[in-house]
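Engineer: Sharing a sequence plus its predicted fold:
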Number of protein chains: 2
Amino acid sequence: MTVVVADAGTAVRRRPGRPRDEEIDGQIIAATLGLIDAEEPVTVTRIVQRSGVSRAALYRRWPSLTTLIAAALDVGRSIPPAVDAEGDLRTAIFASMFGAAGMATTSAYSEARFRHRIRLVMADRALQKAYWRSHVARRRVPVESALSAGIARGILRDDLDVEACFDAIAGVVYYQLVVRGDRLEDESTRARVSAAMDVVWRGMLA
Amino acid sequence: MTVVVADAGTAVRRRPGRPRDEEIDGQIIAATLGLIDAEEPVTVTRIVQRSGVSRAALYRRWPSLTTLIAAALDVGRSIPPAVDAEGDLRTAIFASMFGAAGMATTSAYSEARFRHRIRLVMADRALQKAYWRSHVARRRVPVESALSAGIARGILRDDLDVEACFDAIAGVVYYQLVVRGDRLEDESTRARVSAAMDVVWRGMLA
């Protein structure tokens, strides 16, 4: 967990962490998540009270509440490892996106927190963009690289916009969660997502 | 506008409206939207103050604040007309989904309201499912019918799951708004959405 927290804060922290620093990071993040999970207002004052860390120490680590919330919301999520683009590309890409390290709403990242994250980012575009840049965009890199490798191997069309392809694949899943309100564990949801993936994959093939 | 309001409230109102009732409906809905658009807290007390309608009259019409907000958030959106599936199917379908009557965040339906709607449904799955059934699912029918017609005409593959195809197309747009936090008016967003649509469309072709 400490590793994940340290990773989540890398983009916004001002200096490299010592062990003591990481402990304080963890206290601040835990207090932030405690407020989020309790559905209480998330303010610097409340985080300071709950964590026992000083306001100055908090601001030294996170220059704004927005970046702190973004880091907290990312706890339990990590950047997936590089995708093996040499073998069955389709299987490798979907395993990366929907496997344990990939998509939201796995066991490591509860649906409750996913729903809360969407609420927070829809309420605050600055937070949304900060979270996008420092977290989501970085997690997309392994799959986008594999798509580029697929183009280089001649499996996928050479005129593909790999970012748009990622959006199409991930968009299907977000639609289930954000618009339909369905659960990815449900058989009918899985069947629909799989059917949509077939369509997107065919559209990418050379 | 009166028609839209009456339509939006049908699922939750207890009795058929008379002209006088519709006027009161409109006042309540307008006050609710006024608070949403001003980004002020939306409470029954504030709606009562702003509309001049009594609390009892409000609760007679909408048994809960969430159903009232859901109805208000749907004002300005309507069910698109049937899609002409005889001509250029692709153009007709995308015009229906992204034209004035189709997708969220057109001029009739501001982005602020869209973001508010997502926040609301992510906070309340029961509302999300109710809104899905009474509003979103009905708006999908014309395009899903056109996709079925495209299969019948032999333009699209006969093994397509039309619901999954709709999810793939709409999912791309939701991803821009909900995850990336981008605006559909931006040139770069339009280019990415268009590239993803090319992929999905190719994957649907017979």
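Structural biologist: Happy to help now that I have it.

Engineer: what's the burial count for the closest residue to A:Tyr175 other than its chain neighbours?
Structural biologist: For A:Tyr175, ignoring the flanking residues on the chain, the nearest one in space by Cβ to Cβ, 6 or more residues apart in numbering or on different chains is B:Gly171 at 3.8 Å. C-beta here means a position set from N, CA and C on the backbone, and glycine is covered the same way. Residue neighbour count, defined by other Cβ atoms under 10 Å in any protein chain shown, stands at 29 for B:Gly171.

Engineer: Contacts only, for B:Gly171.
Structural biologist: B:Gly171 makes contact with A:Ala168, A:Ala170, A:Gly171, A:Val172, A:Val173, A:Tyr174, A:Tyr175, A:Ala196, according to Cβ atoms under 8 Å, 6 or more residues apart in numbering or on different chains.

Engineer: Return the entry from those with the maximum number of neighbours.
Structural biologist: Of all these, A:Ala168 has the most neighbours under the rule other Cβ under 10 Å, reaching 31 neighbours.

Engineer: close enough to count as contact, it and B:Tyr174?
Structural biologist: No: A:Ala168 is beyond contact range of B:Tyr174, at 11.3 Å (criterion: Cβ atoms under 8 Å).

Engineer: ok, so what distance separates the residue most central in space within chain A from B:Val173?
Structural biologist: With the centre of chain A defined as its mean C-alpha position, the nearest residue by Cα atoms, centre = their mean is A:Val136, 4.6 Å away. To B:Val173, A:Val136 is 17 Å away according to Cβ to Cβ, to the nearest Å.

Engineer: And for A:Val44?
Structural biologist: Per Cβ to Cβ, A:Val44 is found 35 Å from B:Val173.

Engineer: and what of A:Ile151?
Structural biologist: From A:Ile151 across to B:Val173, the span is 25 Å (Cβ to Cβ).

Engineer: And for A:Arg140?
Structural biologist: Counting by Cβ to Cβ, the gap from A:Arg140 to B:Val173 is 18 Å.

Engineer: Kindly report the same for A:Ala137.
Structural biologist: Distance, A:Ala137 to B:Val173, using Cβ to Cβ: 19 Å.

Engineer: Now do the helices in chain A.
Structural biologist: Ranges of helices in chain A, per DSSP state H, are A:2-9, A:19-37, A:44-51, A:55-61, A:65-73, A:89-98, A:111-123, A:125-131, A:137-152, A:162-174, A:187-204.

Engineer: How many residues are close by the closest residue to A:Lys129 other than its chain neighbours?
Structural biologist: Excluding the flanking residues, the one nearest A:Lys129 by Cβ to Cβ, 6+ apart is B:Gly181, at 5.1 Å. Neighbourhood size, B:Gly181 [other Cβ under 10 Å]: 21.

Engineer: quick one: A:Ile47 and A:Leu33 touch, right?
Structural biologist: No: A:Ile47 is not in contact with A:Leu33 according to Cβ under 8 Å; the separation is 10.1 Å.

Engineer: Who has more neighbours out of the two?
Structural biologist: Between A:Ile47 and A:Leu33, counted using other Cβ under 10 Å, A:Ile47 has the larger neighbour count: 25 against 18.

Engineer: quick one on the thing from earlier: nearest to A:Arg115, of the contacts of B:Gly171?
Structural biologist: For those, the minimum distance to A:Arg115 (Cβ to Cβ) is 11.9 Å, reached by A:Tyr174.
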